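In: here is a sequence with its predicted model. Questions after.
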Amino acid sequence: MTPRHIAFIMDGNGRWAENKGLARAEGYKYGLAALLEVLKVCALKHVEAVTVFAFSTENNGRPFAEKEAIFEVVKTFNENYFGEYKIRYMGDIDFLDDGLIASIEKIEERTENNDGLTLNIALNYGAKDDIIRAAKLAYDHGEFTPEAFERGLSSYGLPPLDLIVRTGGEKRLSNFMLYEAAYSELIFLDTLWPDMKSEDAEKIFEEFNRRVRKFGK
Ligand code: IPE
Ligand code: IPE
Ligand code: MG
């Protein structure tokens, strides 16, 4: 079975750069290149949606220059991507830089009718925030069914999250898609994200195929 929706916690960019004697900022540029390579494999496998964790609400605590470097990579991608993927964002983007917000709005609009895979970029995203927001929306509508709650999540409309892959060696979710992860398969790789190649992506699909999903039954 091919996973319909895969999420990547793209961790290890900073360490990758430091290991090479580069500034951490360089790690994010190479991280984007790795992402494009991984996405090609996902598209060939007919994955419908890929969600990537680009910046967490907690990452706001990082040094200014590092945050700027990450946002610059995101903005450059937004301004220069003219491919077939359908790009959407999730997370609290309202307080980001105006230029970045404009680039997000433009790329979402430009790719809205694309028929390639959906690339959902989690930016200034935290699962706790998202869950609280969805709960508030359900409360405001006076509807407390799982369906009403899920309509308020930023991931609404995407296929069920079949698989979460975290690179960079840490074995935790770091406030990422906590609700959607209920029955996701989890893969943790020691590979630092910018080192991800198409062969590594292929191996992820092989590993997923070995998993027996039971959903409690
Ligand atoms: C993860 O890479 C991506 C972001 C937080 C934007 P890191 O920057 O956490 O890289 P490491 O974990 O320090 O190597
Ligand atoms: C998770 O990585 C966030 C992203 C990949 C964007 P972190 O590097 O921020 O996570 P922790 O701090 O190791 O848990
Ligand atoms: Mg990290």
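Out: Yes, it's here. Numbering: from 1, shown residues only. Ligands and ions are numbered 1, 2, ... in the order given.

In: and for the lengthiest helix in the chain, what's in contact with it?
Out: If you go by DSSP state H, the chain has its longest helix at helix 24-44. Here helix 24-44 makes contact (CB atoms under 8 Å, 6 or more residues apart in numbering) with 6, 8, 10, 13-18, 20, 50, 52, 65-66, 69-70, 73, 77, 84-85, 116-117, 119, 193-198, 200-202, 205. All C-beta spots, glycine's among them, are computed from the backbone N, C-alpha and C.

In: for this structure, which residues are neighbours of ligand 2?
Out: 9-11, 53-56, 59, 170, 172, 174 (CB under 6 Å from any ligand atom).

In: which of those are buried?
Out: Taking 16 or more other CB atoms under 10 Å as the criterion, what is buried in the residues of the chain next to ligand 2 is 9-11, 53-56, 59.

In: report the central residue of the chain.
Out: Nearest to the mean C-alpha position of the chain, by CA atoms, centre = their mean, lies residue 52 at 1.4 Å.

In: quick one, what contacts that one?
Out: Contacts of residue 52 by CB under 8 Å, 6+ apart are 7-8, 10, 35, 119-122.

In: same question, residue 49
Out: Counting by CB under 8 Å, 6+ apart, residue 49 makes contact with 4-6, 117-120, 158-159.

In: looking at neighbours, which among these is most surrounded?
Out: For those, the largest number of neighbours (other CB atoms under 10 Å) sits with residue 6, at 29 neighbours.

In: ok, and the closest non-adjacent residue to that residue?
Out: Among residues not flanking residue 6 along the chain, residue 163 sits closest, at 4.7 Å (CB to CB, 6 or more residues apart in numbering).

In: okay but the one you found is in contact with residue 205, surely?
Out: No - because the distance of 9.2 Å does not satisfy CB atoms under 8 Å, residue 163 is recorded as not touching residue 205.

In: what's the overlap in contacts for those two?
Out: Common neighbours of residue 163 and residue 205 (CB under 8 Å, 6+ apart) are residue 3.

In: next structured bit after the longest helix of the chain?
Out: Using DSSP states H and E, the helix or strand that follows helix 24-44 in sequence is strand 49-56.

In: who touches residue 187 in this structure?
Out: Contacts of residue 187 (CB under 8 Å, 6+ apart): 163-166, 204, 207-208.

In: all helices for this protein, in order.
Out: In the chain, the segments counted as helices under DSSP H are 13-19, 24-44, 64-80, 98-111, 127-140, 146-151, 198-210.
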